[in-house]
Every structure is written in structure tokens, then in C-alpha cells.
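*Asks:* Give me a 3D structure for the following:
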Amino acid sequence: MSQFAQAVVLGLLIGGVYALMASGLTLIFGVMHIINIAQGAFLVLIAMVTWWMWRETGIDPIVASVVTTPLMFAFGWIVYRLVISRVRGAPPSMSVLLTFGFALVIEGVLNVTAGNKFKSAAPSYFEESFRVGGIALPKAQVYGFLAAMVVLAVLYFVLTRTWTGRAIRAVTQNPSGAALV
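*Replies:* Residues are numbered from 1 along each chain as shown. Okay, the predicted model is just below:
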């Protein structure tokens, strides 16, 4: 039974990070009707930037998100303005093809610049765990889960309690009405 409980807990911890990724896909598709196949490539790109920052400066990968999040936001905004905005209003298959091509470009550039060798950041707490009863909670996964939950809570607050959030929800519910306003 303890192996089952361990598996459930580990699944919940990694599921929190997946929930954060899914919220990004949901917002992109729900608001802009863009099917972003490049989401995984963006994730690998920022993971490589985070790994490089960890290797060069020793900064914790989770703490590095304070730097990498605005960096990725700016990159995503530039990609949207220069590339994706051109297919807004086109059939969804166009965004699929465009973002798939963009994912191939990102993966190709990463392969040339970083190579195809496995890389991982291993901060000091990477091999450590919290013990709760007979269940081991790996510190890295707990910290990642907590960071994802904080970001999801902030996103929820922004979407439900701010004017910008209400505007975003209005666009998802009635795009033509929101465009008129």
C-alpha cells in the first residue's frame, strides 16, 4: 500500500506542474483560438536557458524563474507579433502548421547550439526528500509543485479579480462583443 501512496503523491506533485502548462495552453486556445504545437519547444528552450543560468551562475532553477518568466514572456510576445498574429482569424489548421514549423526551428537551433546530450540541473537539495509517514516527498518536486501552485493562484486571482482578467474572460465568452467594446 505504501508504494501505491508514494506513486499517487508523486503523480500529484508532477501533475501540479502539468496543470500550469495546461493553463497556458487553455488560455492561448480559449482567448486567441491558436493551437500552439510549439508549447513544448518553448518549454525546452526555457529549460535550456535555466540550465545554462544554473551552470554559469549557480542560481537555483526555481529561483531563476523570476528572471526566465519575463524573458519568456517577452520572447512569446515577439513571436506572436512577428509570426502568429499573421494567422489570427485563419482556420485553426494554419496555427497548427505555423506553430509546428516554429517548434521544428526551435528544436533545430537548440540541437545545433546545445547538442543532443542529456542535461539536468541538480541543485543541492535535488537528492533530498521530506518524510511524511512512510512517504518520501522529493524536495525538488515539492518546490516545483509549490511554485506552480503559486503561479496558478496568481493567475486565478488576475483572471477573476482584475479588470484585465475580466476582459480576457469576456473575449473567451464573446469575441465579437469584446472586439466591439
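
*Asks:* elements contacting the helix or strand of the chain with the lowest mean pLDDT?
*Replies:* Least confident helix or strand of the chain, by mean pLDDT, DSSP states H and E, is helix 175-180 with a mean of 80. If contacts are counted by 3 or more CB pairs under 8 Å, 6 or more residues apart in numbering; DSSP states H and E, helix 175-180 sits against helix 163-173. Yep, even glycine has a C-beta here, placed from its N, CA and C like the rest.

*Asks:* Now do the strands in this structure.
*Replies:* 129-132, 135-138 (DSSP state E).

*Asks:* Could you export these as CSV, including mean pLDDT and mean neighbour count?
*Replies:* Output for the strands of the chain, formatted as CSV (pLDDT from 0 to 100; neighbours: other CB atoms under 10 Å):
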stretch, mean pLDDT, mean neighbour count
strand 129-132, 90, 10
strand 135-138, 91, 16
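
*Asks:* Switch these over to JSON lines, and while doing so, append distance to G101 to every line.
*Replies:* Shown next, in JSON lines, are the strands of the chain (distance: least, CB to CB, whole Å):
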{"stretch": "strand 129-132", "distance to G101": "42"}
{"stretch": "strand 135-138", "distance to G101": "37"}
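
*Asks:* And the pLDDT at the residue positioned nearest the centre of the chain?
*Replies:* Central residue of the chain (CA atoms, centre = their mean): M21, 4.3 Å from the mean position. On pLDDT, M21 comes in at 90.

*Asks:* Which single helix of the protein contains the most residues?
*Replies:* The residue-count maximum for a helix in the chain (DSSP state H) belongs to helix 2-32.

*Asks:* Packing partners of that helix?
*Replies:* By 3+ CB pairs under 8 Å, 6+ apart, helix 2-32 packs against helix 39-57, strand 135-138, helix 139-161, helix 163-173.

*Asks:* That helix: which residues count as buried?
*Replies:* By 16 or more other CB atoms under 10 Å, the buried positions in helix 2-32 come out as 9, 13, 16-17, 20, 23-24, 28, 31-32.
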